[in-house]
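**Student:** Here's a sequence, model it:
(one chain, ligands or ions: 2)
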Amino acid sequence: MSRHPSSPAAFIVDLDGTLVDTLGDFVEVLNRVLAELGLPAVSRDFVERTIGQGSEHLIRSTLAHVGADADLYEEAWAAYQRHYRELNGQFSAVFPGVVEGLDRLRALGLPMACLTNKPAAFARDLLARKGLDGYFDRVFGGDDFERKKPDPLPLLKTCEALGSEPARTWMIGDSSNDARAAAAAGCPIVLLSHGYNHGEPIAELPALQHLDRLDLIRL
Ligand SMILES: O=C(O)COP(=O)(O)O
Ligand SMILES: [Mg+2]
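**Tutor:** Ligands and ions are numbered 1, 2, ... in the order given. Below you'll find the predicted structure:
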């Protein structure tokens, strides 16, 4: 029985910037790819501003940023996959408060999914390597649906998979992609401040809750 109308019935949790600080992985992979292609390296700042919309967007933006020919995309994509598969998680860390926060969510006994724009295979691998895989009934990546966040489709499909109503399925994320997708899907949004929001302050986006750590979530 629900405690009040907006009490959660399920949770959908983003991965990069929300559960795991993966910026180091992205920087390392991209710079290995660029070195292999004989192109200049990119800065951590550039990568932080650019991640969140999936690997295709990241690779295309990176090639454009270093002034490379867009025709290099296929080669860069293949190299990106190879390097990412190999070092996934090695330059990443679980954010403080995440394990405690997930424990608090799990204690409610509600269905939980991880939904990221990262390719699903990399997401599953990263969750397992960081010991976070056991929390989720379902894991969906950017290649599981026709469109990625900020489109609402991935959230609506995930609600369907969890058997939960969007209005009572809380999305927990770190960027405007999560916030826009949640708003369009009709899901309440909880935003974490420690992630990557294209260089914009996340506090400016409307949310049910703004948190500095996941374990501070009000349930
Ligand atoms: O763009 C990505 O690959 C990661 O994005 P996420 O924040 O949806 O996990
Ligand atoms: Mg994110």
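
**Student:** Get me the contact residues on this protein for ligand 1.
**Tutor:** Contact residues (CB under 6 Å from any ligand atom) of the chain with ligand 1: 14-17, 51-55, 116-118, 149. Placement of C-beta: from N, CA and C, glycine included.

**Student:** Let me know whether D144 touches A120 as I believe.
**Tutor:** Yes: contact criterion CB atoms under 8 Å: D144 and A120 qualify, at 5.3 Å.

**Student:** State the phi and psi torsions of the residue lying closest to A179 once chain neighbours are set aside.
**Tutor:** With sequence-adjacent residues excluded and distances taken as CB to CB, 6 or more residues apart in numbering, A179 is closest to L205, at 4.7 Å. Here is the backbone geometry of L205 (degrees, to the nearest 10): phi -90, psi 140.

**Student:** What ranges does this protein have for its helices?
**Tutor:** In the chain, the segments counted as helices under DSSP state H are 23-36, 44-50, 55-65, 73-87, 98-107, 120-129, 153-162, 176-185.

**Student:** wait, which of these is closest to A9?
**Tutor:** Of all the helices of the chain, helix 153-162 sits nearest to A9, with 8.7 Å by CB to CB.

**Student:** shaky segments in this protein?
**Tutor:** Residues of the chain meeting the criterion pLDDT under 70: 1-5.

**Student:** Try it again at 80.
**Tutor:** 1-6 (pLDDT under 80).

**Student:** Which parts of it belong to which domain?
**Tutor:** 10-22+92-216, 23-87 (automatic domain parsing).

**Student:** So which of the ones you listed is the most surrounded?
**Tutor:** By mean neighbour count, with neighbours taken as mean count of other CB atoms under 10 Å, domain 10-22+92-216 ranks first of the domains of the chain at a mean of 20.

**Student:** ok now it, how far from the chain's centre?
**Tutor:** Distance, stretch centre to chain centre, for domain 10-22+92-216: 6 Å (CA atoms, centre = their mean, to the nearest Å).

**Student:** and what of stretch 66-81?
**Tutor:** With CA atoms, centre = their mean, you get 22 Å for stretch 66-81.
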